[in-house]
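# task: produce atomic coordinates for the following.
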Amino acid sequence: MLHTFPRRMLVAAAALSFAAGCASNSLAPGSSSTSLAPSASKYSGPVRVLPGPAVSGPIVIPLFPGKPNAPAGWPKKKKPAPTLFVADCSSVLLYDPNDANSSPEGSITDGVDCAFGAAVDKKGNLYVANISGNSVTVYAPGSSSPDLTITDGISSPYGVIVDSKGNVFVSNLGTNEITAYAAGQTSPFETINFNDYGQAVGIAVDSKNTVWVACDTSNAVFEIKSGSTGVTNANLSGLEGPVGITIGKKDQVYVANFSGNDVSVYKSGSTSPYETITSGIDGPTQDGVTHSGMFFQTNQDDDVVGYKKGQTSPFSTLQGASSAAEIASSPEVKR
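Numbers count the residues shown, from 1 in each chain. Next comes the predicted model:
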């Protein structure tokens, strides 16, 4: 059964738009058809409604988003330091993941058009999926302007990941397809339709370059082996409206269950969660893991909470994000 959160009530126009956009999706047997979404009441001006996961509802953003309350560009540091990237609709915010309860140290706005996905490759390049701009923009380390923009095959992108070969994979809410791009290319070499499996939302990749896809409408997580277009059910138990998925050290899998209001954690090769995170979780959507193994989770339209390796209670709540979605870190997680 889906949990309801009174502060996430839909305006009528948003509900109608979402219903029309997701008419082809069906929830898992026994689940409620009630959909949830961010409240539009926090915006004083006109808003637009974008597609979103079935369980968490459409994405409501202002037509004229304000500037991020963060310094522009990358932080100036004397030596390389870990950076946490948080896609926050009108910008990508940059944090020091080791600094508990911190504010952003920098921000990227050029080329950003409602950023919802974020990923980092082994070279430190940043990939941003712009759900409103129907694009993926790519930023070199330290750059605040994109040096590559992908639009071919992109339709309301929700998540983006990069495998060890530099291949880029995008989950597209507009077409319910996973599109794949070779390193440096802007046309897809592969397109996988997910209509037979559920709504493809969160996306991740493991050390073997297997792509993992969370599908909220079918309460399942699916795998796509490297070099294959075949889709197989990972048969994970404990799922309830899975939206976000990330893979950490030793291929440990984290799945954000929006309907269950928790995060299920699986050891590599296991289909049953060995622990469930509930402390600090309130409407979880997308997430990410740092190089050192810290886990960060977005709570829809609320905040971002961080957990030290092996802990289930948050040590940090990041400040300054208002519409946080996918999280990435540089250097990328060491698996």
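# from here on, just use CA atoms for contacts and neighbour counts.
Fine.
# quick one: Val92 and Thr83 touch, right?
No. Using CA atoms under 8 Å, Val92 is not in contact with Thr83; the gap is 11.7 Å.
# higher neighbour count, these two?
Val92 (32 against 23; other CA atoms under 10 Å).
# please, where are all the helices along the protein?
Using DSSP state H, the helices of the chain run over 12-21.
# low pLDDT regions in it?
Regions of the chain meeting the criterion pLDDT under 70 cover residues 1-44, 78-79.
# show me it divided up by domain.
Domain assignment for the chain by automatic domain parsing gives 6-62, 83-330.
# OK, contacts around Asp72?
One thing to correct before we go on: residue 72 is Ala, not Asp. Contact analysis of Ala72 by CA atoms under 8 Å, 6 or more residues apart in numbering lists 106-108.
# buried sites along stretch 160-174?
The neighbour-count check on stretch 160-174 (16 or more other CA atoms under 10 Å) flags 160-163, 166-174 as buried.
# from the chain's centroid, how far away is it?
Here stretch 160-174 is found 12 Å from its chain centre; the criterion is CA atoms, centre = their mean, to the nearest Å.
# for Glu105, which residues are in contact?
Glu105 is in contact with 70-71, 74-75, 93-96, counting by CA under 8 Å, 6+ apart.
# repeat the analysis, applying 7 Å as the threshold.
The contact partners of Glu105, by CA atoms under 7 Å, 6 or more residues apart in numbering, come to 70-71, 75, 94-95.
# how much space separates it from Lys77?
Per CA to CA, to the nearest Å, Glu105 is found 10 Å from Lys77.
# what about the residue nearest to Gly260 when sequence neighbours are not counted, neighbour count?
In space, and not counting its chain neighbours, Gly260 is closest to Glu240: 5.1 Å by CA to CA, 6 or more residues apart in numbering. Close neighbours of Glu240, defined as other CA under 10 Å, add up to 26.
# Lys309 too?
Burial of Lys309 is recorded as 14 neighbouring residues (other CA under 10 Å).
# from the buried residues of stretch 160-174, pick the one nearest Ala180.
For the buried residues of stretch 160-174, the closest approach to Ala180 (CA to CA) belongs to Phe169, at 4.5 Å.
# I figured the closest one hits Thr179, correct?
Yes. With contact defined as CA atoms under 7 Å, Phe169 reaches Thr179; the gap is 5.7 Å.
# quick check: Asp302 vs Gly133, distance?
23 Å.
# who's more crowded, these two?
Just comparing Asp302 and Gly133: by other CA under 10 Å the higher neighbour count belongs to Gly133, 18 against 15.
# hang on, isn't that one packed against Phe116?
No. Between Gly133 and Phe116 there is no contact under CA under 7 Å: 10.5 Å.
# top of the contacts of Glu105 by number of neighbours, please.
The most neighbours of any of the contacts of Glu105, using other CA under 10 Å, belong to Leu94, which has 26 neighbours.
# relative to Asn209, how far out is that one?
Taking CA to CA as the measure, Leu94 falls 26 Å from Asn209.
# next: Ser259.
Relative to Asn209, and taking CA to CA, Ser259 is found at 28 Å.
# pick out whichever of these two has more residues nearby.
Between Ser259 and Asn209, Ser259 has the larger neighbour count (other CA under 10 Å), namely 26 against 17.
# pretty sure the more buried one is touching Leu239, no?
No. In this structure, Ser259 is not within contact of Leu239 by CA under 7 Å, at 8.9 Å.
# what sits closest to Val221 if chain neighbours are left out?
Using CA to CA, 6+ apart and skipping the chain neighbours, the partner closest in space to Val221 is Ala214 (4.5 Å).
# cool, and Asn233?
Closest to Asn233 by CA to CA, 6+ apart is Phe222, at 4.4 Å.
# beta partners for the closest residue to Val160 other than its chain neighbours?
Excluding its sequence neighbours, the residue lying closest to Val160 (CA to CA, 6+ apart) is Val170, at 4.5 Å. Applying DSSP bridges to Val170 gives these bridge partners: Val160, Thr179.
# try Gly117
Ala129.
# hmm, Gly159 and it touching each other?
Yes. With contacts counted by CA under 7 Å, Gly117 reaches Gly159, the gap being 4.3 Å.
# what do those two both touch?
Both Gly117 and Gly159 are contacted by Ala129, under the criterion CA under 7 Å, 6+ apart.
# how many other residues sit next to Gly66?
Using other CA under 10 Å, Gly66 has 9 neighbouring residues.
# that one and Asp301: what is the separation?
From Gly66 to Asp301 the distance is 16 Å (CA to CA).
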